[in-house]
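> What follows is a predicted protein model with its sequence.
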Amino acid sequence: MLNKLFALMVFAGVPLSIAGSVLHWPSILMFVIYCLTIIALASYMGRATESLAIVAGPRIGGLLNATFGNAVELIISIFALKAGLVEVVLASLTGSVLGNLLLVAGLSFFVGGLKYKRQEFNVYDARHNAGLLTFAILVAFVIPEVFSVTMSETKTLSLSVGISVIMITLYLAALYFKLVTHRGVYQHKSDEVEEHEEPEWSKGKSIAILALATAAVAYVSENLVHTFEAVAESFGWSELFIGVIIVAIVGNAAEHASAIIMAYKNKMNVAVEIAIGSTLQIAMFVAPVLVLVSLLFPVQMPLVFSLPELIAMATAVLLTIVLSNDGDTNWFEGATMLAAYIIMGIGFYLL
């Protein structure tokens, strides 16, 4: 039933998006149409990557899901950078970190915990991810903010570029570590629980749908960016709130749906890989890439977040590490993470 609804939204949303942009329909209406269309397209991306995950295994499957899910976020952010909306991009990166760690992981733990008393996942992966999260948020994001106080804008941008190159290099090294040199070294009993399942789509069909959906998202995202200013004025929302909450939720719709479905099926390794892996990819790859891409535009983006954004991300990381470092979760831990997300959401709305 839900798949039919998403199919209707895609086949109606894409033509409406094209018609609305050509005929210049009201910005509020188009904002809603664009968001619903992106969410529907993201559902197809999620189903395609889930089919690939069944073939490739939980780690690669989770990585594929996070990568194509973050492709939406990357596309929206590049068009926002082109439009000079640096604050919106930084806010959307913050929102992605908070959304993946607290909302996606929280909902996954909560929904899965309602069906199962306890759910286990690979504790070695959890500890590995904890170290990378600490580096990405508490080191690489905090250093530019601290040093920028006594630096010129040019030096701050140079520092941001240097950190970005280091983060991308370390992220690629982390993938090589997990998927090549130490693949299968840190096995956990939860890795053996995954039961055999037939993929919904073939490998070729999944790749084709991913390519088409990504192209459609690119077109819709470019138009979505142009509605931000009008929507902010109409609802009294700040650019910070639009970036942290709205853009982040829409841009990460694919991961949201896939991780929750995996948790409900008790495939926690995939669910955690999607939520945590997506966060690491946003922090260590997408954010640095955007810094480098911004060098091509009139307005550059240093890797300098506001104090509320930094504190919120650091708090989310610490809470996630504390709750997930034992490789065991339940519905109450999920509820705790959701509560933290709601508190932060209220704070950004009132800011």
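Nice, I can see it.

> Give me the phi and psi for L303.
phi -80, psi 60 (degrees, to the nearest 10).

> close enough to count as contact, it and L292?
No - L303 is beyond contact range of L292, at 10.4 Å (criterion: CB atoms under 8 Å). All C-beta atoms are positioned from the backbone trio N, CA, C, and that covers glycine.

> so what sits against both of those two?
S164 (CB atoms under 8 Å, 6 or more residues apart in numbering).

> Look at these two and report which has more neighbours.
L303 (25 against 15; other CB atoms under 10 Å).

> OK, contacts around the residue lying closest to A83 once chain neighbours are set aside?
The spatially closest residue to A83, leaving aside those adjacent along the chain, is V225, at 5.6 Å (CB to CB, 6 or more residues apart in numbering). By CB under 8 Å, 6+ apart, V225 lies in contact with 76, 79-80, 83, 85.

> tell me which of these is nearest to S238?
L85 (12.4 Å; CB to CB).

> Excluding covalently adjacent residues, which one is nearest to V272?
Excluding its sequence neighbours, the residue lying closest to V272 (CB to CB, 6+ apart) is F121, at 4.8 Å.

> tell me the phi and psi of that neighbour?
Here F121 shows phi and psi, under degrees, to the nearest 10, equal to phi -140, psi 170.

> Show the pLDDT at it.
pLDDT for F121: 87.

> That one: neighbour count?
Around F121 there are 26 residues (other CB under 10 Å).

> cool, and the one 10 residues further on?
G131 sits with 11 neighbouring residues when counted by other CB under 10 Å.

> so where does it fall, helix or strand?
Using DSSP states H and E, G131 sits within helix 123-133.

> so how far is the next helix or strand after that helix from its chain's centroid?
Sequence-wise, the next helix or strand downstream of helix 123-133 (DSSP H and E) is helix 142-147. Its chain's C-alpha centre and that of helix 142-147 lie 23 Å apart, by CA atoms, centre = their mean, to the nearest Å.

> For helix 142-147, which residues meet the burial criterion?
For helix 142-147, a neighbour-count test (16 or more other CB atoms under 10 Å) marks 144-145 as buried.

> returning to what we had before: ok, the contacts of V225 vs L280, which is closest?
For those, the closest approach to L280 (CB to CB) belongs to I76, at 19.4 Å.

> who's in contact with the closest residue to the closest one other than its chain neighbours?
Nearest residue to I76, sequence neighbours excluded (CB to CB, 6+ apart): S221, at 4.4 Å. S221 makes contacts with 34, 38, 72, 75-76, 79, as judged by CB under 8 Å, 6+ apart.

> Any chance of TSV for the residues you listed, columns pLDDT and distance to L350?
Putting the contacts of S221 into TSV (pLDDT from 0 to 100; distance: CB to CB, whole Å) gives the following:
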residue	pLDDT	distance to L350
Y34	88	26
I38	83	27
V72	71	28
I75	82	30
I76	79	25
F79	85	28
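
> And the residues you listed, which of them are buried?
With neighbours counted by 16+ other CB under 10 Å, these contain buried members at 34, 38, 72, 75-76, 79.

> Please tell me how far W237 sits from S96.
18 Å (CB to CB, to the nearest Å).

> let me redo that: V220
18 Å.

> Which one's more surrounded, the two?
Comparing V220 with S96 by other CB under 10 Å, the one with more neighbours is S96, at 31 against 25.

> Give the other helices and strands that the helix or strand harbouring that one contacts.
Secondary-structure assignment from DSSP H and E places S96 in helix 86-98. Contact analysis of helix 86-98 by 3 or more CB pairs under 8 Å, 6 or more residues apart in numbering; DSSP states H and E lists helix 58-82, helix 239-241, helix 248-251, helix 268-281, helix 287-294, helix 307-324 as its packing neighbours.
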